[in-house]
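Participant: Have a look at this prediction, sequence included:
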Amino acid sequence: MSACIIHYGMPKTGSSSIQTYLLRSLADPRFFNLDLGRRGSGNIIAAAFLAHPEQHHRNIKLGLTPAEVKKEIQATRAALARELERADGRTALLSAELLANFSALEFAALCDFIRPHAAGISAVGYVRSPLAFMESVFQQRVKSGLGSFRLEQNYPRYRERFEKFETVLGRERVAYWSFAPASFPGNCVVQDFCARLGIRCDGAAVQRINDSLSLPAIRLLYAYRKYGPGFGAGERALRENALLKTRLRELGGPPLRFHAALVRPVLDARREDIAWMEERMRPPFVESPVADHSAVQGEADLLRYCPESIAWLACQLGRSPLDAATIEPPELAKLVHELRVRLAAAAPPIEPLEVAALLSVETRCRACVATTTRTWRLQ
């Protein structure tokens, strides 16, 4: 009987790169990755233990009936049982950011399923500092369809996110690792993850996945989310939004940073929660909020556009130059939508495997914000 290590994320800590390596490149014979054959399998497995799986956005987007959801859950649980048996004495690894927004009862249900197949269960993951998390998750929410600005909704709520792991497994079986890439071997989270668990890692096989947008790109997308027709639903909408985000990554510029005056009230109001997390972390968080003109001080800053980004958008559409000083956000949203439509029209037909990949990405996006909004299952 093998031990099982659950990697819970947290979201925005390199989990996609870790999961890709475990799926495609794990070669250490002492370890076995629990999966369904594709990246994002961990979240699909985890979703089979939700109290209300019919409300999970993936099932809604696929249009599954309650009977179909039940059938898929049965198949997923059966596959997980087979994977656990296949571990056959090796340490089993399950990586799923979705666990960050599980209730204690949901997490306990998953562990109860694993225990007959495992000698012991532990949970490990990286923890991102509050400001860095808020900046990263806000961007992720905009990419997933957000068109409103409430900074406090992006706060990580550490105790709500992590305490369930300690409740179910015991404090001694939960590890929290600081997400500090500058201190990782080769600045690589995959190599650090493997080193911490004693997994032999081929650094050359690591695929670094970074889908971040520049601040100018986020500004264009935020205007589209706020004033455009919406994200949409179904396979077509998933594809169109993915194409749009991919094209926006070509627009360069500085990263998103929140101004110190904007974030300090949010952090000051949550000192007790941060202290709870820091008591489990060594060393504590170290952050220095920026206070210069390039930092975002509120929604108004997100609705201002530099000439370079407007010129880039006009070029994408084959239009004559636009005046960045006079263009209004609703007009800009129409232009971004035009780009979305054009990209979709020029793309080849969508393939079934691509649908699965897009749903996996959306699952990870929702996992980033589930604990902060508590509305993700209905979206």
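Facilitator: Structure received.

Participant: for L93, helix, strand, or coil?
Facilitator: Secondary structure, DSSP: H, G, I helix; E, B strand; the rest coil: L93 is strand.

Participant: List the contacts of it.
Facilitator: L93 makes contact with C4, I5, H7, L22, L26, F31, F32, N33, L34, according to Cβ atoms under 8 Å, 6 or more residues apart in numbering. C-beta here means a position set from N, CA and C on the backbone, and glycine is covered the same way.

Participant: Quick one: the helices in the stretch 251-379 of the chain, in order.
Facilitator: 260-268, 271-278, 299-302, 307-317, 329-346, 352-373 (DSSP state H, counting those that start in this stretch).

Participant: before we move on, back to that, in helices, which of the contacts of L93 fall?
Facilitator: L22 (DSSP state H).

Participant: any idea which of the contacts of L93 is closest to S103?
Facilitator: H7 (19.0 Å; Cβ to Cβ).

Participant: Next, find the distance separating that closest one from T76.
Facilitator: Distance, H7 to T76, using Cβ to Cβ, to the nearest Å: 18 Å.

Participant: out of the two, which sits in the busier spot?
Facilitator: Neighbour totals were compared for H7 and T76, and H7 leads with 22 against 19 (other Cβ atoms under 10 Å).

Participant: need the contact list for that one.
Facilitator: Going by Cβ under 8 Å, 6+ apart, H7 touches S15, I18, G42, L93, L94, S95, A96, A123, V124, G125, F193.

Participant: Among these, show me the least confident.
Facilitator: Ranked by pLDDT, those bottom out at G42 (88).

Participant: any idea which helix or strand comes after the helix or strand hosting that residue?
Facilitator: According to DSSP states H and E, G42 maps onto helix 41-47. Remark: after helix 41-47, the chain's next helix or strand is helix 57-62, criterion DSSP H and E.

Participant: Give the next helix or strand downstream of that next one.
Facilitator: helix 66-87.

Participant: buried ones in that following helix?
Facilitator: V69, E72, I73, T76, A79, L80, E83, L84, A87 (16 or more other Cβ atoms under 10 Å).

Participant: isn't the fourth one right next to D35, touching?
Facilitator: No: with contact defined as Cβ atoms under 8 Å, T76 does not reach D35; the gap is 11.5 Å.

Participant: Point out where the stretch 151-300 of the chain drops to low pLDDT.
Facilitator: Residue ranges of the stretch 151-300 of the chain with pLDDT under 70: 210.

Participant: Contacts only, for I218.
Facilitator: Counted by Cβ under 8 Å, 6+ apart, I218 has contacts Q139, V142, L256, L302.

Participant: Oops, could you answer that again for Q19 instead?
Facilitator: Contacts of Q19 by Cβ under 8 Å, 6+ apart are R39, G40, S41, G42, S95.

Participant: Check A48 too.
Facilitator: The contact partners of A48, by Cβ under 8 Å, 6+ apart, come to E72, I73, T76, R77, L80.

Participant: and if you look at L26?
Facilitator: Here L26 is in contact with N33, L93, I199 (Cβ under 8 Å, 6+ apart).

Participant: distance of the nearest residue in space to A195 that is not next to it in sequence from E272?
Facilitator: Once flanking residues are discounted, A195 sits nearest to P185: 6.2 Å by Cβ to Cβ, 6 or more residues apart in numbering. According to Cβ to Cβ, P185 and E272 sit 34 Å apart.

Participant: Likewise for I121?
Facilitator: For I121 relative to E272 (Cβ to Cβ), the value is 29 Å.

Participant: likewise E135?
Facilitator: From E135 to E272 the distance is 22 Å (Cβ to Cβ).

Participant: The two: which is more packed in?
Facilitator: Under the criterion of other Cβ under 10 Å, the comparison of E135 against E272 puts E135 first, with 21 against 8.

Participant: would you say the more buried one is within a strand?
Facilitator: No: counting by three-state DSSP, one finds E135 to be helix, located in no strand.

Participant: what residues are up against it?
Facilitator: Counted by Cβ under 8 Å, 6+ apart, E135 has contacts P255, L256, R257, F258.

Participant: Hmm, the last one is touching E152, no?
Facilitator: No: contact criterion Cβ under 8 Å: F258 and E152 do not qualify, at 11.7 Å.

Participant: What are the contacting residues of stretch 109-123?
Facilitator: 1-8, 46, 49, 77, 80-81, 84-85, 87, 92, 94, 99, 102, 165, 168-169, 173-175.

Participant: what sits up against stretch 178-197?
Facilitator: Contacts for stretch 178-197 (Cβ under 8 Å, 6+ apart): 5, 7, 10, 13-14, 17-18, 21, 31, 91, 124, 126-129, 132, 175, 177, 199-201, 203, 206, 208, 281, 283, 285.
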